[in-house]
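Enquirer: need coordinates for the below:
(one chain, ligands or ions: 1)
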Amino acid sequence: MKRGFVVKQGKVYLLLLLVLLSIQVALAADEREIENPLKDGAIKKRIALTFDDGPNREATPRILATLEKHQVKATFFIVGWRVYSFKDQILQIARDGHDIGNHSYDHPYLNKLKREEIEEQLNNTNLAVKKVTGMDIKIYRPPYASYDERVLSIGNDLNMQLILWTINPEDWRSPGAEKIIKRIVGNAQDGSIVLLHDKKQTADALPKLILSLKEKGFEFVTISELLRI
Ligand SMILES: [Zn+2]
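Expert: Purely as a prediction, here's the structure:
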């Protein structure tokens, strides 16, 4: 009986030891999980700058030069026909490691088109980018945010994800570089997607905008990085 009790007690201790060990292992794993994000900078707030309607020969090269200078990656929602007319610019966007999104072939209201026409708008733009840069497009932004069930279902069929925005500084109205910066910095949050355009005032605003956001602790990511797609 006594011997049996000792054995039983031994088993209980062993069990207890195993439980303690597994708690320690779990704690260690937890610590690692907490540690790693700190190391790779994930505590920083993330923001995605997106540029619509390009590329063009005026603003796009200036925007690209600023992004390069400040080591910032962004996303360009390009208009399909422009890929052939501004090959140098689209090639530089690709070479610099920015994301490319589909902004239709010639900027219509997609929701006012027939199904085949919507498919053409998206397919022809994807094809143009593939031909010139070799890149596959995974994201699209309908001009004027003009989408409905049909647009969404065609996007799904093409394995593309619809991307809108969370901050719209209305830079396309050319309100002045300072206003563009203020509207963005004042509203920026972790995960913000900023709607911008390949336009002069946007290019003017960009250096100060980047510095202001960096000062506030933001890091710049592409849409693919932000949404992990
Ligand atoms: Zn547009």
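
Enquirer: and D99, how many neighbours does it have?
Expert: By other C-beta atoms under 10 Å, the residues close to D99 number 25. Where C-beta positions appear, they are placed from N, C-alpha and C, glycine not excepted.

Enquirer: for T133, same thing?
Expert: 17.

Enquirer: just checking, it touches G97?
Expert: No. Applying C-beta atoms under 8 Å, one finds T133 not in contact with G97, separated by 11.7 Å.

Enquirer: contacts only, for P207.
Expert: Contact analysis of P207 by C-beta atoms under 8 Å, 6 or more residues apart in numbering lists T66, K69, H70.

Enquirer: alpha carbons of the one helix or strand it maps to, as PDB, please.
Expert: In this assignment (DSSP states H and E), P207 forms part of helix 200-215. The C-alpha trace of helix 200-215 is given here as PDB (Å, rounded to 0.1, in the frame of the first residue of the first chain):
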ATOM      1  CA  LYS A 200       1.500  68.700 -59.900                       C
ATOM      2  CA  GLN A 201       0.300  69.800 -56.400                       C
ATOM      3  CA  THR A 202       0.400  66.300 -55.200                       C
ATOM      4  CA  ALA A 203       4.000  66.000 -56.300                       C
ATOM      5  CA  ASP A 204       4.700  69.400 -54.700                       C
ATOM      6  CA  ALA A 205       3.200  68.200 -51.400                       C
ATOM      7  CA  LEU A 206       4.800  64.800 -51.300                       C
ATOM      8  CA  PRO A 207       8.300  65.500 -49.700                       C
ATOM      9  CA  LYS A 208       6.800  67.400 -46.700                       C
ATOM     10  CA  LEU A 209       3.900  64.900 -46.400                       C
ATOM     11  CA  ILE A 210       6.300  62.000 -46.100                       C
ATOM     12  CA  LEU A 211       8.400  63.700 -43.500                       C
ATOM     13  CA  SER A 212       5.400  64.700 -41.500                       C
ATOM     14  CA  LEU A 213       4.000  61.200 -41.500                       C
ATOM     15  CA  LYS A 214       7.400  59.700 -40.600                       C
ATOM     16  CA  GLU A 215       7.600  62.100 -37.700                       C
END
